[in-house]
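Q: Please work out how this folds:
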Amino acid sequence: MPLHRSISLLAALGLFFAPLPSADAFGPPPKSLVQQTAEAKLLAEFTRFSTLSDGTVGVAVRDLQTGETQALNGDTLFPMASAYKVAVAGRIFALVDAGEVRLDDQLALDPALASEGGIAWMFNRPGATLSVDRLLELMLQKSDNNATDVLVARAGGPQAITAFVTKLGVTGLRVDSDTAHLLYRAMGIHPQSGSFRQNADAARRANPLLVTRDIRDLPNLAFAMEPQDTATPTAMLDLITAYESGRALSAASTQRLFTIMAHCETGKARIVGMLPPGTAVAHKTGSLNGTGNDVGIVRLPDGRRFAVVAFVMKDSKGHVSRDRIIAEASRAAYDYFLYAPDRAHGLAHNS
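A: A predicted model of the protein is given here:
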């Protein structure tokens, strides 16, 4: 046999008898039919609930043990409304961890930072202050806009908050405004001077439709399409996951953050609405002109946890319908993570 034929034959035999690549070389093992069916059912439930809105619904959920993520419209941008306060809190706690802020620091209630409602009345008291910790409670538990804007200023402004989020590797979430200027954009006004209350009242007198929109909770379609102060459900999920994992903040700051969020007083009919009584939930809501949001961590009976983000925008059916969508999606995720078969590989699925 010619030498070149022998070499070719040996090479062929070598390839034939070489060990086959392991399954891991081709990625995770294929999902079982049972798992595929469970995932398909969950996503079908998300889609079904979304039909309760005449706007757009985004839902993203994650098993915080395996990392498995399921999402509907997970990469669509939504107005965060007050859900952005989760990012503000993270930046403040990061400053605490860096030794630049203390929770017992007293921050001045500058009248220039007052908007309306909540503790706005306190800003007229000379020398009024509140501790950072109390301001965090007001922001996350009562969604107080005045307390929020004091914290936004101490955080270094919206750009510093976005930089904090970006440094964590979270993409698809941007903070461009404090709450007062977020509301100015929602009203379509750009005042140069005067208090928030003066400017807002003037805008409402000039355009009575602003009052009608607020009373009837109608969507502001132009505002909803703006890229400022938006997040995708997946980006918000990544942020809350970074907190829960301990990757973003110290253990003490992480515990304090979620302890505050566990006493959220808003959105009782949202994530919490259809979960079993007594379920531990730490969450933060957002609401503004046809937008209804909720983001949080839910604890299962066996101690496992999952994160859930539910955003609804451009909806004209009202907050009762939006709340139900969020509650139904959260309950579906609860049942999925509690009862679905073992998901050892944390495979992601987005649609």
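
Q: switch to C-alpha atoms for all contacts and neighbour counts from now on
A: Noted.

Q: In the stretch 201-350 of the chain, what residue spans correspond to strands?
A: 230-231, 281-287, 292-299, 305-313, 348-350 (DSSP state E, counting those that start in this stretch).

Q: and of those, who's closest to residue 69?
A: Closest of the strands of the stretch 201-350 of the chain to residue 69 is strand 348-350, at 4.7 Å (criterion: CA to CA).

Q: do you know how far residue 240 is from residue 188?
A: In this view, residue 240 and residue 188 are 31 Å apart by CA to CA, to the nearest Å.

Q: Could you do residue 306 as well?
A: As judged by CA to CA, residue 306 and residue 188 stand 38 Å apart.

Q: Who has more neighbours out of the two?
A: The residue with more neighbours, out of residue 306 and residue 188, is residue 306; 25 against 14, by other CA atoms under 10 Å.

Q: list the contacts for the more buried one?
A: Listed by CA atoms under 8 Å, 6 or more residues apart in numbering, the contact set of residue 306 reads 61, 62, 63, 64, 65, 297, 298, 299, 300, 337.

Q: switch the cut-off to 7 Å
A: 61, 62, 63, 64, 297, 298, 299 (CA atoms under 7 Å, 6 or more residues apart in numbering).

Q: what sits against the nearest residue to residue 53 once chain neighbours are set aside?
A: Using CA to CA, 6 or more residues apart in numbering and skipping residues adjacent in sequence, the residue nearest residue 53 is residue 315, 6.0 Å away. Neighbour list for residue 315: 53, 54, 55, 219, 290, 291 [criterion: CA under 7 Å, 6+ apart].

Q: Could you report the pLDDT at the residue nearest to the last one when sequence neighbours are not counted?
A: By that I understand residue 291. Nearest non-adjacent residue to residue 291, counting by CA to CA, 6+ apart: residue 313, 4.3 Å away. Residue 313 is assigned 98 on the pLDDT scale.

Q: Tell me who's in contact with residue 313.
A: Per CA under 7 Å, 6+ apart, neighbours of residue 313: 55, 56, 57, 78, 290, 291, 292.

Q: Who are the contact partners of the fourth one?
A: Under the criterion of CA under 7 Å, 6+ apart, the contact partners of residue 78 comprise 230, 231, 232, 311, 313.

Q: Give the ChimeraX command for selecting the buried subset of the residues you listed.
A: Selection of buried members from the contacts of residue 78 for ChimeraX, criterion 16 or more other CA atoms under 10 Å:
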select :230,231,232,311,313
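
Q: can you list the contacts of residue 78 in a markdown table and add distance to residue 252?
A: Shown next, in a markdown table, are the contacts of residue 78 (distance: CA to CA, whole Å):
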| residue | distance to residue 252 |
| --- | --- |
| 230 | 29 |
| 231 | 27 |
| 232 | 28 |
| 311 | 29 |
| 313 | 35 |
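
Q: Check the contacts of residue 78 against residue 113 and report the nearest one.
A: Nearest member of the contacts of residue 78 to residue 113, counting by CA to CA, is residue 230, at 22.0 Å.

Q: ok, for that closest one, nearest residue in space, not its chain neighbours?
A: Using CA to CA, 6+ apart, the closest residue to residue 230 is residue 79 (4.4 Å).

Q: What is the neighbour count of the one you found?
A: As a burial measure, residue 79 scores 28 neighbours (other CA under 10 Å).

Q: so how far is residue 64 from it?
A: Residue 79 sits 25 Å away from residue 64, going by CA to CA.

Q: likewise residue 266?
A: Taking CA to CA, one finds residue 266 at 24 Å from residue 64.

Q: what do you get for residue 301?
A: 14 Å.

Q: cool, residue 81 as well?
A: The value you get for residue 81 to residue 64, if CA to CA is used, is 25 Å.

Q: if you count what's nearby, which of those two comes out ahead?
A: Per other CA under 10 Å, whichever of residue 81 and residue 64 has more neighbours is residue 81, with 22 against 18.

Q: Quick one, grab the pLDDT at that one.
A: 98.

Q: now swap in residue 30 and tell me
A: 74.

Q: So what's the residue count around it?
A: Neighbour tally, residue 30, other CA under 10 Å: 11.

Q: Over to the one 4 residues further on?
A: The number of residues packed around residue 34, counting by other CA under 10 Å, is 11.

Q: In three-state terms, label it for me.
A: Secondary structure, DSSP: H, G, I helix; E, B strand; the rest coil: residue 34 is helix.

Q: how much space between it and residue 337?
A: Residue 34 is 14 Å from residue 337, by CA to CA.

Q: what's residue 45 sitting at in phi/psi?
A: Note on residue 45: backbone dihedrals following degrees, to the nearest 10 are phi -60, psi -40.

Q: roughly how far apart are the nearest residue to residue 304 once chain neighbours are set aside and residue 197?
A: Closest residue in space to residue 304, ignoring its immediate chain neighbours: residue 65 at 7.1 Å, by CA to CA, 6+ apart. Computed as CA to CA, the residue 65 to residue 197 distance reads 46 Å.

Q: what's the spatially most central residue of the chain in contact with, if anything?
A: For the chain, the residue nearest the mean C-alpha position is residue 236 (3.5 Å; CA atoms, centre = their mean). Residue 236 is in contact with 173, 309, counting by CA under 7 Å, 6+ apart.
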